[in-house]
Every structure is written in structure tokens, then in C-alpha cells.
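[1] show me the folded form of this:
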Amino acid sequence: MYAYSDNGLSFRAWDDPMTVSPDEVFFDHEPAESELETMFAGYALAKMAEAKTHAATTLSNACATAIERGFRCSVTGKTRTYTLTGTDQANLDSAYQLALIAENRATAWAADTTQDRSAVLLAGGVYYLCTTPGISGTTEPTWSAEYQTEISDGTAGWSRAGYLIGTNDGTIWASVAEVLALWELSKSHIAACRTLYRAAKAAIDVATSLAEVDSIVATVTWPKA
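    Purely as a prediction, here's the structure:
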């Protein structure tokens, strides 16, 4: 036995000696949808509103998951999936800002020049950060493309500019150019996911049946990493 309320959306088990409240309707069996619609004038609208709220939450969660799953590309020379969890996005945003600074600040190598830790060089298409302040030598050094390898230059030292980026295989090093490209791709991926969410949410808002709401949620094709 059941006592229904809240436009037929809520119920509790009912048995003597409990009494039915004024806003409750008693059933001695589990009622069918048609019975609830008959007994509660607002049942259909309430049921639709509940379904739309649930669908919107489902879509929001699916969008977040699709964003975090990331995107697949070969910017760093190997096809990988670049994940975009909250931490990954923050790291990529930070790397992007640093890469922009390196790109804008870079100069060509010069002999007998005082270098401090803010110095950036562009040599052979590769960016290098000053890791040991000093005075550059009289002859340009042989540059290494390896990350975390300091190159001696007079009393100064340089290391290739690189940033750790999240992938489904763990973090990898990415160059200035690679970070700039990955950041643009990440923003395109996020925008695509959010566009799908907004379109589906708008369709749900004007849906007129529960079946239509379910169909909208089920047919969204999220980007695959």
C-alpha cells in the first residue's frame, strides 16, 4: 500500500495505523502512470520537468567526461591522446603562457653577451632558456635538442625550453611550438564538446515527451579521443 504526493513523484509505504495526509493519495497497489496522471493534475508536467532536469545533468556530466578524455593528434611527432583533466588544463594553460613569453622574448645567439635567467635564445628553430647566468662565449656552442640537458656557453648555460604535458601515457615533454599548437587544439576540443552540450540542452528544453528527452540524450555523439 502506498501514499503518493508531490504531484505523484514522491511516495511512501502506507499501512495502518498511519494516516494519509491531505496532500497524499492512497493506493492499495503500485499505481500505473495513467492512474497517477488521473489522480494528480500536475503529474505529467512534473514528470517531464524531472526528466529534463535529470537529462541536463546527464548531458553536463557527459560533456565534462568528453572534455577530460581529451583529443588525439600527432603534434609532438607521435599520435597520442592529450588528456584534459582540470590539472591537465591548468598545466597546459600555464605552459602556453610561458611558451608565448619564450616566443616573444627570444633573440639570436651573440658572443660575449651577458645573459640572465630571463634570456631566451632561438637557435636552429629551437628555443633555449638561460639556466646558468653568465657571459656567452666567443664561439656559438653546439646546440642539443635534448630536454633537461644544459649546454655550456662561456660562463652561461642554456637548456631547451620544454613543458610537461598530460597524455594517456603519462606526461611528456613538449616544445614551445608544440605547446602553442596543443593549446589551440585543446580549446577547439573543449569548444566542440560545449557546443554539443548546448545544442542538446536546447533541444531538451523544448522536448514535448519523455521519449524525445531520452532520445536526445542517447543520440549525442561526443568527440572520441
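[2] helix or strand for the residue most central in space within the chain, which one?
    Ranked by distance to the mean C-alpha position of the chain (C-alpha atoms, centre = their mean), the top residue is Ile67 at 3.6 Å. In the assignment (DSSP states H and E), Ile67 maps to helix 43-69.
[3] which strands and helices lie in contact with that helix?
    On a contact count with 3 or more C-beta pairs under 8 Å, 6 or more residues apart in numbering; DSSP states H and E, helix 43-69 meets helix 33-39, helix 176-205, helix 210-219. For the C-beta atoms, the positions are set from N, CA and C on the backbone; glycine is no exception.
[4] and Ile165, which of these is closest to it?
    Nearest of these to Ile165, taken as C-beta to C-beta: helix 176-205 at 6.3 Å.
[5] buried ones in that closest one, by neighbour count?
    Using 16 or more other C-beta atoms under 10 Å as the test for burial, helix 176-205 gives 176-183, 185-186, 189-190, 193, 196-197, 200-201, 203-204.
[6] packing partners for it?
    Contacts defined by 3+ C-beta pairs under 8 Å, 6+ apart place helix 176-205 against helix 43-69, strand 71-73, strand 80-82, helix 86-105, strand 163-167, helix 210-219.
[7] show me the domain layout of the chain.
    For the chain, the structural domains run 1-41, 85-177, going by automatic domain parsing.
[8] most packed of those domains?
    Among those, ranked by average contacts under mean count of other C-beta atoms under 10 Å, first place goes to domain 85-177 (a mean of 16).
[9] now that domain: mean pLDDT?
    Across domain 85-177, the average pLDDT comes to 96.
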